[in-house]
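> just the structure for this:
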Amino acid sequence: MTTAPAGLKGLVVAQTRTGDVKGQDGFYHFREYSAVDLARHRTFEDVAHLMVGGHLPSAAEADAFAAELAAASTMPHELLEVLLAIARSGADRASLARLRTAISMLGSLEDFPASYGAEPEQVRAGVVRLIALTPVLQAAIHRLRRGETPLPPRPELGAAGSWLWMLTGEEPAPEHTAAVTAYLISTIDHGFSASTFTARVVTSAGADVASAVCGALGTFAGPLHGGAPDRALDSLDEIGTPDRARGWVRERVAAGERIMGFGHAVYRTTDPRAVLMRDHAERLGGPLAELAVAVEREVVAALAELKPGRELHTNVEFYAGVVMEQCGIPREMFTPTFAVARVVGWGAHILEQSADPRIIRPSAEYVGPPAPAPLP
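Numbering: from 1, shown residues only. Next up, the predicted model:
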């Protein structure tokens, strides 16, 4: 038996064609393309096609895929009837739990086939269904919770514009659509994260796409994973002014707390997604962006002083929260916005894993009392 490192850190457990993260270089890619280049120059739909279909689409393929997503975004009437009850449950920031409940019910209503033994096109259809419907469900739950009427998607606005429309009911500004598009694309996938691994484990058992996405959402909801953008902005609120940043960091480090928005499990340099989002934050401008840039400088300097050699740089959550706040996305919807993007990456990994008939079944090292012991 081979003993793996704690948390499986550095252990290769699968092969993938979806992309990779090169932490030492501050670089990551989706298939063969720089993820940041894609976020700067392509549409969300194009990159979703790349991840699900394996290549960037031609103009005709892009039109066909957009039409497929639009057709897959219709909410079942039976689900809409119970969505109000789902929306009213839980705390404000339990949005992912509510989405998980809705997707679980969707899987039951539409009887998604088990991935084991299914034709690849059946699995792909389930993936496309969830990519298209996840933002619709999440926005509807949000509006119902606020006593507002859910709004239908508007595919002509693009994924980010439609998302902003469904949340706010207002025509999105072009600069807001551009910033949220960049964010959505840049967070579609990011190596073998905990939620991605969960989606693949569930799929390896032959389960359906909805079950795999529910498992991924459960993992993603953790504050050490997808639940960080709003907490990073909460920290910025606490700091208030740049001159308070270093003292605030010292207090948190002394208390053994994590500094949300800084440090990453893989990167040993600045997260390239943070650089992308900082550019958009500064382009949008305003006091919040100015505060974030100044505080970032102070926090990085404080961490270098307090934890020498740790290479704790800004990660995507810090500026993601700033950009989403600038674009009018409610704070409780920061992590759900992240999930709207990441469901594409989960879908790509589900498709890849479904082609492998082997179940992921590692071993555990028993460290309890010696057995067998006499019964008392």
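> biggest helix in the protein by residues?
When the chain is scanned for its longest helix (criterion: DSSP state H), the result is helix 120-145.
> elements contacting the very next helix or strand once past that helix?
Sequence-wise, the next helix or strand downstream of helix 120-145 (DSSP states H and E) is helix 158-168. Helix 158-168 sits against helix 44-53, helix 120-145, helix 174-186, helix 334-354, with contacts defined as 3 or more Cβ pairs under 8 Å, 6 or more residues apart in numbering; DSSP states H and E. C-betas here are computed from N, CA, C, even on glycine.
> ok and helix 158-168 relative to helix 174-186, angle-wise?
Here helix 158-168 runs at an angle of 110 degrees relative to helix 174-186 (axes from the mean of the first three to the mean of the last three Cα atoms, to 10 degrees).
> so where is this structure shaky, pLDDT-wise?
Within the chain, the segments meeting pLDDT under 70 span 227-229.
> okay, now the domains of this structure?
32-222+331-354, 229-326 (automatic domain parsing).
> in TSV: those domains, plus mean neighbour count and distance to Pro5.
What follows is the domains of the chain, written out as TSV (neighbours: other Cβ atoms under 10 Å; distance: least, Cβ to Cβ, whole Å):
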stretch	mean neighbour count	distance to Pro5
domain 32-222+331-354	20	14
domain 229-326	19	13
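> figure out which of the ones you listed is closest to Asp25.
domain 229-326 (7.5 Å; Cβ to Cβ).
> hmm, back to that, need the domains of the chain in TSV with distance to Asp20, can you?
Below are the domains of the chain laid out as TSV (distance: least, Cβ to Cβ, whole Å):
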stretch	distance to Asp20
domain 32-222+331-354	6
domain 229-326	10
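> of all these, which one is nearest Val367?
Ranking these by proximity to Val367 (Cβ to Cβ) places domain 32-222+331-354 first, at 22.6 Å.
> other SSEs contacting the longest helix of the chain?
The contact analysis (3+ Cβ pairs under 8 Å, 6+ apart) places helix 120-145 against helix 44-53, helix 59-71, helix 77-87, helix 95-110, helix 158-168, helix 209-220, helix 334-354.
> quick one: closest of those to Arg145.
helix 77-87 (4.4 Å).
> quick check: angle from that closest one to helix 120-145?
Angle, helix 77-87 to helix 120-145, by the same axes, to 10 degrees: 50 degrees.
> can I get helix 77-87 in CSV, CA atoms only?
The C-alpha trace of helix 77-87 is given here as CSV (Å, rounded to 0.1, in the frame of the first residue of the first chain):
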residue,chain,number,x,y,z
HIS,A,77,-42.8,24.2,-14.6
GLU,A,78,-42.7,21.6,-11.8
LEU,A,79,-39.5,23.1,-10.4
LEU,A,80,-40.7,26.6,-10.7
GLU,A,81,-43.6,25.7,-8.5
VAL,A,82,-41.4,24.7,-5.5
LEU,A,83,-38.6,27.2,-6.1
LEU,A,84,-40.3,29.7,-3.7
ALA,A,85,-40.0,27.2,-0.8
ILE,A,86,-36.4,26.6,-1.7
ALA,A,87,-35.7,30.3,-1.9
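> how close does the closest residue to Arg154 other than its chain neighbours get to Asp208?
Distances taken as Cβ to Cβ, 6 or more residues apart in numbering place Ser162 nearest to Arg154, at 4.8 Å, with adjacent residues excluded. Ser162 sits at a distance of 26 Å from Asp208 (criterion: Cβ to Cβ, to the nearest Å).
> ok, back up a step: ok, the residue nearest to Arg154 touching Pro135?
Yes - Ser162 lies in contact with Pro135 (Cβ atoms under 8 Å); the separation is 7.1 Å.
> okay, and the common contacts of those two?
Pro153 (Cβ atoms under 8 Å, 6 or more residues apart in numbering).
> need the phi and psi values for Phe262.
phi -140, psi 140 (degrees, to the nearest 10).
> so which strand or helix has the closest residue to it other than its chain neighbours?
What sits nearest to Phe262 in space, not counting adjacent residues and going by Cβ to Cβ, 6+ apart, is Leu312, at 5.3 Å. When secondary structure is defined by DSSP H and E, Leu312 falls outside every helix and strand.
> I'd say Leu312 and Gly263 touch.
Yes - the pair Leu312 / Gly263 is scored as a contact, 4.2 Å apart, by Cβ under 8 Å.
> now for those two: what residues contact both?
Common contacts of Leu312 and Gly263 (Cβ under 8 Å, 6+ apart): Leu303.
> if we can go back for a sec, the domains of the chain: which one's closest to Leu375?
Of all those, domain 32-222+331-354 sits nearest to Leu375, with 33.8 Å by Cβ to Cβ.
> centre of the chain to the closest one, how far?
10 Å (Cα atoms, centre = their mean, to the nearest Å).
> residue contacts, the nearest residue to Glu61 once chain neighbours are set aside?
Of all residues not flanking Glu61 in the chain, His49 sits nearest, at 6.7 Å (Cβ to Cβ, 6+ apart). Going by Cβ under 8 Å, 6+ apart, His49 touches His55, Leu56, Pro57, Glu61, Ala62, Phe65.
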